[in-house]
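# mind folding the following:
(2 chains)
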Amino acid sequence: MAVVILQKGYGGFYLMCIYMNDRAKKKLSPALLKLLKGKTRLQVKTLDDGLQKDIEAALELGAEAYRKRG
Amino acid sequence: MPRLFFFGARRLRGGTGEGASRCAPECVASPTGKPNVRDSRELLTLGWTDGRVGYSTSSERPLKRPQAPRRRVTHGYGMGYLFLWRRQPRTGLLAYCKRLEATCPDAVGFGTMTATEKVKMNAADASLESIDQDLEKLLKRHSPPFKLSCAGVRGKNSVQSTVPKSVAAPGAYGGSPWTCKWRW
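Numbering: from 1, shown residues only, chains lettered A, B, ... in the order given. Below is the predicted model:
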């Protein structure tokens, strides 16, 4: 569902539920969309409370999508 | 008459050969023919008092240490000379190193080594570590039912949460869950 990799200059957060899924991508917050580089990678360099809640919401979104697919 | 070389220092003792006539009883015949004037007193000053009787022809033989039973050189100059150095016990070396430790404890190579300090991370790396830990905590909240495992990225901290059961991705693999068909 998601991967966290500590890269050289940032913390990489790969959210797989938005891969080739524009509907799910539109549900993300604008702060997260700013961090989105590429198809699924979010480059996290600073993590505040607001961003943490957004990431938590995105994870919940992905979990919901996987639950629907069974 | 060809010059005689004595490969045994003992033969020189009281011998009647050419080397014996030239050298004093305290001398040792060397392969070069020149008398090697190393008497027992000189050996004592050098610290060679551990049974190297092949170098001294004096009547008073130096003391032998009990730790080196095969130290005696019976054939004088020859391969035994080389083997003699190989048979040196390591106790003397250790004692020598200990002495150096006592005399110069701060010198490089002597004394006990202290544990190397870890390289301090700068602030950016520390913040990235904390970010990584926070993101991992977020993933752990969803770990049941999702499986949390290492992503397998070499040389990097990586955690992935995967679905326990494979699901069908729309538009991929004919609408059915992907299953591994290859075995290796």
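
# would you confirm that A:A63 contacts B:R141?
No: between A:A63 and B:R141 there is no contact, the gap being 9.9 Å when judged by Cβ atoms under 8 Å. C-betas here are computed from N, CA, C, even on glycine.

# with neighbour numbers in mind, choose between the two.
A:A63 (19 against 13; other Cβ atoms under 10 Å in any protein chain shown).

# so which residues on chain A come close to chain B?
With Cβ under 8 Å from any Cβ of the partner chain as the criterion, chain A meets chain B at residues A:1-7, A:9-11, A:13, A:20, A:44-47, A:52, A:55-56, A:59-60, A:63, A:66, A:69-70.

# for PyMOL, what selects the buried ones among the residues you listed?
Buried residues among the residues of chain A next to chain B (16 or more other Cβ atoms under 10 Å in any protein chain shown), as a PyMOL selection:
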select buried, chain A and resi 1+2+3+4+5+6+7+10+11+13+44+47+52+55+59+63+66
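
# check chain B for its longest helix and report it.
Secondary structure assigned by DSSP state H gives helix B:123-141 as the longest helix of chain B.

# quick check: which ranges of chain B have low pLDDT?
Counting by pLDDT under 70, chain B shows low-confidence ranges at B:1-121, B:183-184.

# what about B:G171, how many neighbours?
What B:G171 shows, counting by other Cβ under 10 Å, is a neighbour count of 8.

# my guess is it contacts A:N21, does it?
No: look at B:G171 against A:N21 with Cβ under 8 Å: they stay out of range, at 10.0 Å.

# what about the longest helix of chain B and chain A, touching?
Yes: looking at helix B:123-141 against chain A by Cβ under 8 Å from any Cβ, the contacts come from B:124, B:127-132, B:134-136, B:138-139, B:141.

# near chain A, which residues of chain B show up?
So chain B meets chain A at B:124, B:127-132, B:134-136, B:138-139, B:141-142, B:146, B:151, B:153, B:156-163, B:165, B:167-168, B:171 (Cβ under 8 Å from any Cβ).

# buried subset of these?
The buried subset of the residues of chain B next to chain A (16+ other Cβ under 10 Å) comprises B:128, B:131-132, B:134-136, B:138-139, B:142, B:146, B:157-163.

# residues contacting the residue positioned nearest the centre of chain A?
By Cα atoms, centre = their mean, chain A has its centre lying nearest to A:L15, at 4.3 Å. Residues counted as contacts of A:L15 (Cβ atoms under 8 Å, 6 or more residues apart in numbering or on different chains) are A:1-2, A:40, A:42, A:58-59, A:62.

# which one of those is nearest to A:L28?
Within these, proximity to A:L28 (Cβ to Cβ) peaks at A:A58, which comes in at 5.8 Å.

# still on that earlier bit, need the overlap of contacts for B:G171 and A:N21.
By Cβ under 8 Å, 6+ apart, no residue touches both B:G171 and A:N21.

# count of neighbours near A:S29?
Residues lying near A:S29 (other Cβ under 10 Å) number 15.

# which residues does it contact?
Taking Cβ under 8 Å, 6+ apart, we find A:S29 in contact with A:54, A:57-58.

# where's it relative to chain B, distance?
Per Cβ to the nearest Cβ, to the nearest Å, A:S29 is found 15 Å from chain B.

# quick check: that residue vs A:L35, distance?
To A:L35, A:S29 is 10 Å away according to Cβ to Cβ, to the nearest Å.

# likewise B:W178?
In terms of Cβ to Cβ, B:W178 sits 28 Å off from A:L35.

# mind checking which of the two has more residues around it?
Per other Cβ under 10 Å, whichever of B:W178 and A:L35 has more neighbours is A:L35, with 19 against 12.
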